[in-house]
Structure formats: C-alpha cells, structure tokens
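Enquirer: here are the coordinates; sequence isn't available:
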C-alpha cells in the first residue's frame, strides 16, 4: 500500500507492506538514522519519536498507523549549527555519554519539558522511565531536563 507520512514537516509518499514498522521506514526509506533501534520490543526507548507531539516507540508502531499524524524525529528538532533548547541542555548538563539513547531521551524530554514544571526529580525520572541508558546514572539526564525547563520558562 502507498501511505503518506508527514515527517519533520514534509510529506512523504512511501510504499509499505501493512506490517512494516515505522522505525524501518524512517531509517531505510526516508534515510533518517537518528531513530535508533535497540531492543526492537518497545522497551528501551532508543527509537522514540514524537507522533502528534507525544512520545511513541517507532519499533512497535506500524507505519500505516502513523498516516495522518505529524511525526517528529531527532533530525526534525535542530541542526548541528542550531540546536533545539533541549539538545543544548543535554550538552550543557552532560546528559549523554555514548549517545545511543540520546535521541529517544531528547524527544521524550521535549514533550516532558512542556508539562514538568512543579514535578519532583523522582516524578521526572518516572516520566523518563520508558527510556533506558546503560551508561549513566540518570542524574545528568534529569539535570538536563531541569535546565531545559528553566530555559523554556525564560522564553
């Protein structure tokens, strides 16, 4: 079947089998490698994208399910020369190490920052629990969310 996916503000007509996963379409067909594949079971969060502004696991979402929605990948929120404020916060707070989980964390944090004011650090950790990092103790990731939260409040 041919579907139209709106990814990072652009429409793409793609041919997919009904069982084709969104992560595979993004990575292979649309050449957006920032959607990382980790567990491929929806557990680790490395494949997180935003669908209509909410975090979703691209490795367990069928591409056809995303038709008609606005999909945002890590490539759609900033560029190396013009980072998104959440990306800047992750860099400044050292909220990343190897970087494999970072796109999923950043996209989750983009949505989280919109609603995290007043949350405790434990509540922020709970909100990030769908993303797994094997390198850090999450302390700097929480700091990055808090920094991005402060930056958003200043705007």
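Expert: Yep, it's here. Bear in mind the structure is a predicted one, so any value in this text is a computation, not a measurement.

Enquirer: could you use CA atoms for every contact and neighbour count after this?
Expert: OK.

Enquirer: what is the mean pLDDT for stretch 141-155?
Expert: Stretch 141-155 shows a mean pLDDT of 89.

Enquirer: packing partners for the one helix or strand in the chain whose mean pLDDT sits lowest?
Expert: Least confident element among the helices and strands of the chain, by mean pLDDT, DSSP states H and E: helix 139-154 (a mean of 91). With contacts taken as 3 or more Cα pairs under 8 Å, 6 or more residues apart in numbering; DSSP states H and E, helix 139-154 sits against helix 85-92, helix 102-113, helix 121-127.

Enquirer: what sits up against it?
Expert: Applying Cα atoms under 8 Å, 6 or more residues apart in numbering, the contact partners of helix 139-154 are 85-86, 89-96, 109, 113-114, 116-117, 121, 124-125.

Enquirer: please pick the buried ones from those.
Expert: By neighbour count, with 16 or more other Cα atoms under 10 Å, the contacts of helix 139-154 hold 85-86, 89-91, 93, 95-96, 109, 113, 116, 124-125 as buried.

Enquirer: out of the residues you listed, who's nearest residue 62?
Expert: Of all the buried ones among the contacts of helix 139-154, residue 109 has the smallest distance to residue 62: 23.2 Å, by Cα to Cα.

Enquirer: which ones are touching that closest one?
Expert: Counting by Cα under 8 Å, 6+ apart, residue 109 has contacts 86, 128, 145.

Enquirer: just give me the neighbour total for the second one.
Expert: By the criterion of other Cα atoms under 10 Å, residue 128 has 20 neighbours.

Enquirer: do you know how far it is from residue 76?
Expert: 21 Å (Cα to Cα, to the nearest Å).

Enquirer: and the pLDDT at the most centrally placed residue in the chain?
Expert: Closest to where the C-alpha atoms of the chain average out (Cα atoms, centre = their mean) is residue 107, at 2.9 Å. Looking at residue 107, its pLDDT reads 97.

Enquirer: pretty sure it contacts residue 56?
Expert: No: between residue 107 and residue 56 there is no contact under Cα atoms under 8 Å: 9.5 Å.
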